[in-house]
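Enquirer: 3D, please:
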Amino acid sequence: MQLTSNSITPKLADNSVVCLMAPTASGKTALAYELYDTGRYELISVDSALIYRDMNIGTAKPTTTELTRYPHHLVNIIDPMQSYSMAEFVSDVIRLIDDCHNNGKIPLLVGGTMMYYMALLDGLSPVPDSEDGVRAHVEQWRQTEGIQALFDYLGKVDPISHQRLHATDTQRITRAIEVYLQTNIAISDWQRKPKQALANNPHQQWHALTVMPDRPWLHTRIEQRLEIMWREGLVDEVLGLLEQYPLTPNLPSMRCVGYRQVLEYLTHINHSVFEQPHLDKTQFEDVFGRFEDPSKHKIKPQRALQSQSSTLDSQTEALACYQMQNKALYATRQLAKRQYTWLRKLAQLSNVNNDLHNNNEIVISSYESMTQAREYLI
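Expert: Numbering: from 1, shown residues only. The predicted structure is shown next:
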């Protein structure tokens with residue numbers, strides 16, 4: 001892997017692929033719009049939340065007007081009931097990069113899902129996708145016997161994964177069992193197989209830009225964004241999703257930050273939406289448990305929301321609302337913290353052995369602000 005110094009502003013070649021990587025609320029979208037307006041770039045979303053239709057407020061999705069003016073690939077591609085694997089993402093990106101280059105454009109991959117970027121730049125283990133029938137069987141098993149039964153089974157068929165995973169990590173435990181039942185090979189064995197990174201393509205020049213702004217500045221931006229989401233009606237958006245889809249709390253879409261905290265709030269106030277015949281209220285109660293006093297949380301409560309529910313007394317509902325806002329703020333800060341960790345890891349990919357990258361030139365640059373990244377790209 002050959003690296004280019006941050007001090008050099010390259011003239012991007014026509015076969016370039018640009019990754020703009022930064023934490024949530026850092027200003028990626030605004031820069032992406034500016035780059036699109038130059039006429040040289042085409043936008044590909046790298047965001048595991050923007051893929052879902054009807055999830056707009058909590059994902060900070062561009063508006064319909066913005067998406068018309070600034071088209072994004074991989075936005076609004078599946079329903080909240082569906083899943084979308086990293087392998088599917090990589091396959092879609094391969095196709096879209098070729099399409100962009102054929103259109104005379106430079107693909108700009110922009111978003112905050114760092115595991116997707118890692119799959120592109122460092123490679124993805126050849127673990128097969130789970131078949132629908134196998135996934136349904138394991139989910140039924142989990143609902144019938146509980147996650148502990150699956151975890152115990154994993155200890156018998158894949159001791160390495162069993163030791164690595166926490167007993168409550170439902171997503172990874174079920175995925176590991178799905179892979180074993182489908183292939184009769186432990187997922188830990190699949191993960192040891194050689195990885196192949198899309199960025200290894202010798203016919204493309206990849207530019208990976210990591211932007212890590214000052215954390216206090218970012219925390220202020222996160223608080224401001226959450227305030228906007230509450231005002232715009234995130235709670236009502238989740239209620240609409242529950243009315244429209246037979247959602248469960250363990251779906252990937254419902255594990256998104258913000259949505260999960262609203263689901264917990266609605267469960268705690270015993271909202272009437274759970275009387276919908278297509279919803280199983282017990283699943284939500286099993287995940288979120290009983291109401292917890294928000295005084296245990298150290299983050300200062302934000303402005304209370306005006307809720308339409310009157311199923312509990314106003315004081316209890318207000319406390320649950322405060323707790324929801326506090327937990328959403330904390331979860332978003334934790335998301336940003338994890339994103340910083342991933343960004344540092346991505347910035348260190350230059351240490352990977354050159355032979356693994358077929359001597360392909362991958363330019364990795366790190367910045368403290370979007371302004372600096374802008375100077376590199378324009």
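Enquirer: drop to CA atoms for contacts and neighbour counts, all remaining ones
Expert: OK.
Enquirer: For stretch 370-378, buried residues please.
Expert: For stretch 370-378, burial by neighbour count (16 or more other Cα atoms under 10 Å) applies to 370, 373, 376-377.
Enquirer: Name the nearest of the residues you listed relative to residue 99.
Expert: residue 377 (20.6 Å; Cα to Cα).
Enquirer: and the spatially most central residue of the chain, helix, strand or coil?
Expert: The centroid of the chain falls nearest to residue 48 when counting by Cα atoms, centre = their mean (3.7 Å). Classification of residue 48 using DSSP: H, G, I helix; E, B strand; the rest coil returns coil.
Enquirer: For it, give me phi and psi.
Expert: Note on residue 48: its backbone torsions stand at phi -70, psi 0 [degrees, to the nearest 10].
Enquirer: Likewise for residue 110?
Expert: The phi/psi pair for residue 110 (degrees, to the nearest 10) reads phi -130, psi 130.
Enquirer: Could you double-check that it lies in contact with residue 46?
Expert: Yes - if you go by Cα atoms under 8 Å, residue 110 and residue 46 touch, sitting 5.5 Å apart.
Enquirer: Quick one: the strands in the stretch 151-300 of the chain, in order.
Expert: For the stretch 151-300 of the chain, the strands defined by DSSP state E, counting those that start in this stretch occupy 205-211.
Enquirer: Could you check the pLDDT of residue 333?
Expert: What the model reports for residue 333 is a pLDDT of 97.
Enquirer: of residue 110 and residue 46, who's got more company?
Expert: A count of neighbours by other Cα atoms under 10 Å puts residue 46 above the other of residue 110 and residue 46, at 27 against 22.
Enquirer: Would you confirm that the more buried one contacts residue 115?
Expert: No - taking Cα under 8 Å as the definition, residue 46 is not a contact partner of residue 115, at 9.5 Å.
Enquirer: In helices, which of the buried residues of stretch 370-378 appear?
Expert: 370, 373, 376-377 (DSSP state H).
Enquirer: and the helix or strand hosting residue 335, how far out from the chain's middle?
Expert: Counting by DSSP states H and E, the element that carries residue 335 is helix 314-347. Centroid separation for helix 314-347 versus its chain: 14 Å, with Cα atoms, centre = their mean, to the nearest Å.
Enquirer: Go through it and flag the buried ones.
Expert: 317-333, 335-336, 339-340, 342-343, 346-347.
Enquirer: Give the pairing partners of whatever helix or strand comes next after it; include direction for each.
Expert: Proceeding N to C from helix 314-347, the next assigned helix or strand is strand 362-367, under DSSP H and E. In the sheet, strand 362-367 lines up against strand 205-211 (parallel) (DSSP bridges).
Enquirer: what does the partner strand rub up against?
Expert: By Cα atoms under 8 Å, 6 or more residues apart in numbering, the residues outside strand 205-211 that reach it are 13, 15-23, 199, 343, 346-347, 360-370, 373.
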